[in-house]
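Enquirer: Sharing a sequence plus its predicted fold:
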Amino acid sequence: MSSRIFTTISLSKSLFKGESTRHVQLTISETIHQVFVTIHGPQLTPAIKELQRNIEALTNQQFINVFQDRSLIKLPLQSVSRFYTANKRLYCETTTGAYLVHSHLHTLMDQLPPHQFLRISSSEIVRIACVKNFTLTKWGSFQVNLTTGTTTYASRRYTQQIRKAAQL
């Protein structure tokens, strides 16, 4: 005998930029052998695309192998705020500290999800969700303020990509 549980939750309109209220329905059944998520809507909108990307990011969590004190650590990619080079080595920064990455920045950029990370200079990549704001400096480059409190600077070479990502 299969059991079904339905739960409906109404979400705020403001979460979806003025579109109608969304409902989340949870179905538990012994006949279902694999967990899956389905999105239903009248048409494909940017809000639905964003929702799909967010769900995929949550369900397909990626990890990166890093080193701290010669110990290999597997970090969730979502915990990384930025990757940067210092003293010819590549590091990733999280809220818990900085870790050594055995890779090259250009190789790493090809492996990272493009909708989550942004290259801001030849020596730095930031996670878009960790960017608090961009400030245009008097020299024409961007100052990048991260939610972690870190301030860094983007090179002019990447200004177009930053403007596109920030939609400035």
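Expert: Received the coordinates, thanks. The shown structure was predicted, so the numbers you read here are calculated from the model rather than taken from an experiment. Numbering: from 1, shown residues only.

Enquirer: Need phi/psi at I48.
Expert: The phi and psi values for I48, taken as degrees, to the nearest 10, are phi -70, psi -40.

Enquirer: That one contacts I39, correct?
Expert: Yes - counting by C-beta atoms under 8 Å, I48 touches I39, with 6.1 Å between them. (C-beta placed from N, C-alpha, C; glycine too.)

Enquirer: more neighbours, the two?
Expert: I48 (17 against 11; other C-beta atoms under 10 Å).

Enquirer: Enumerate every residue touching that one.
Expert: The neighbours of I48, taking C-beta atoms under 8 Å, 6 or more residues apart in numbering as the test, are I39, G41.

Enquirer: pLDDT score for it?
Expert: Listed pLDDT for I48 reads 85.

Enquirer: try V126
Expert: Looking at V126, its pLDDT reads 95.

Enquirer: strand partners of the helix or strand hosting it, parallel vs antiparallel please.
Expert: Using DSSP states H and E, V126 maps to strand 124-127. With DSSP bridges as the test, strand 124-127 is paired with strand 80-86 (antiparallel), strand 117-121 (antiparallel).

Enquirer: Out of those strands, which one sits most buried?
Expert: When these are scored by mean count of other C-beta atoms under 10 Å, the highest mean neighbour count falls to strand 117-121 (a mean of 23).

Enquirer: and it, average pLDDT?
Expert: Confidence for strand 117-121, expressed as mean pLDDT, is 93.

Enquirer: Just the residues contacting that strand, thanks.
Expert: 83, 109, 125-128, 131, 142, 144, 152-155, 157-158, 161-162, 165.

Enquirer: same thing but at 7 Å, please
Expert: Contact with strand 117-121 is made by M109, I125, V126, R127, I128, V144, A154, S155, Y158, Q161, I162, A165, as judged by C-beta atoms under 7 Å, 6 or more residues apart in numbering.

Enquirer: Dump the strands paired with strand 124-127 to JSON lines, plus distance to Y99.
Expert: Converted to JSON lines, those look like this (distance: least, C-beta to C-beta, whole Å):
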{"stretch": "strand 80-86", "distance to Y99": "9"}
{"stretch": "strand 117-121", "distance to Y99": "16"}
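
Enquirer: picking that back up, out of the contacts of strand 117-121, which end up buried?
Expert: Among the contacts of strand 117-121, those classed as buried by 16 or more other C-beta atoms under 10 Å are I125, V126, R127, V144, A154, Y158, I162, A165.
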